[in-house]
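>>> I would like the atomic coordinates for the input below:
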Amino acid sequence: MQVLIDILQTPFLGQATWLWLAFIGIVVALLAFDLGVLHRDDHEIGIRESLLLSGGYISAALLFGAWVWWYLGSASGMDYLTGFMIEKSLSMDNVFVIALIFSFFAIPRQYQHRVLFWGILGVIVLRAIMIALGAT
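Numbers count the residues shown, from 1 in each chain. Below you'll find the model as predicted:
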């Protein structure tokens, strides 16, 4: 048991291993919840549902940012919130690119969430690989 505790406390990329495992677990749980529960059936997402989903995910991100601020300090919290705002701002141009791609390939509205979800999941995996390679 002590060996497991030591492994979980071992620093990895500047933080304890348990912290990284918890973060990855939360991300995987949110992805599974999104695809497996919220969007089990393919349907057209209306404006109300879209706003509720966006608000929920933004709230989850801000709660995580508050936890980072509390647990890791104000500098880390501000770094997280700054990065979050930059990513949110930069992702707005993706909306237009995605709309063009969906129009070009004539993807029916009921399948757009699934296509977008798997595309984003692929990007996350590829980014994680590139960041890990760059960090080593």
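>>> Would you mind writing the CA trace of stretch 127-136 as CSV?
What follows is stretch 127-136, C-alpha atoms only, in CSV (Å, rounded to 0.1, in the frame of the first residue of the first chain):
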residue,chain,number,x,y,z
ARG,A,127,-2.4,17.2,-29.1
ALA,A,128,-1.7,15.1,-26.0
ILE,A,129,0.8,12.9,-28.0
MET,A,130,2.6,16.0,-29.4
ILE,A,131,2.7,17.7,-26.0
ALA,A,132,4.1,14.5,-24.4
LEU,A,133,6.7,14.1,-27.1
GLY,A,134,7.6,17.8,-26.8
ALA,A,135,7.8,17.6,-23.0
THR,A,136,10.2,14.6,-23.1
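>>> Name the residues that touch it?
For stretch 127-136, contacts defined as CB atoms under 8 Å, 6 or more residues apart in numbering pick out Leu13. C-beta coordinates here come from the backbone N, C-alpha and C atoms, glycine included.
>>> How many residues are close by Ser76?
A total of 16 residues lie near Ser76 under the criterion other CB atoms under 10 Å.
>>> right, and it touches Val68 too?
Yes: assessed by CB atoms under 8 Å, Ser76 is found in contact with Val68 at 5.5 Å.
>>> Can you name the next helix or strand after the lowest-mean-pLDDT helix or strand in the chain?
When the helices and strands of the chain are scored by mean pLDDT, DSSP states H and E, helix 2-9 comes last with a mean of 76. Note on helix 2-9: by DSSP states H and E, the next helix or strand toward the C-terminus is strand 11-12.
>>> now whichever helix or strand comes after that next one, how far from the centre of its chain.
Using DSSP H and E, the helix or strand that directly follows strand 11-12 along the chain is strand 15-16. Chain-centre distance of strand 15-16: 20 Å, with CA atoms, centre = their mean, to the nearest Å.
>>> so for the helix or strand just after strand 15-16, what's the average pLDDT?
As assigned by DSSP H and E, the chain's next helix or strand after strand 15-16 is helix 17-33. Helix 17-33 carries an average pLDDT of 87.
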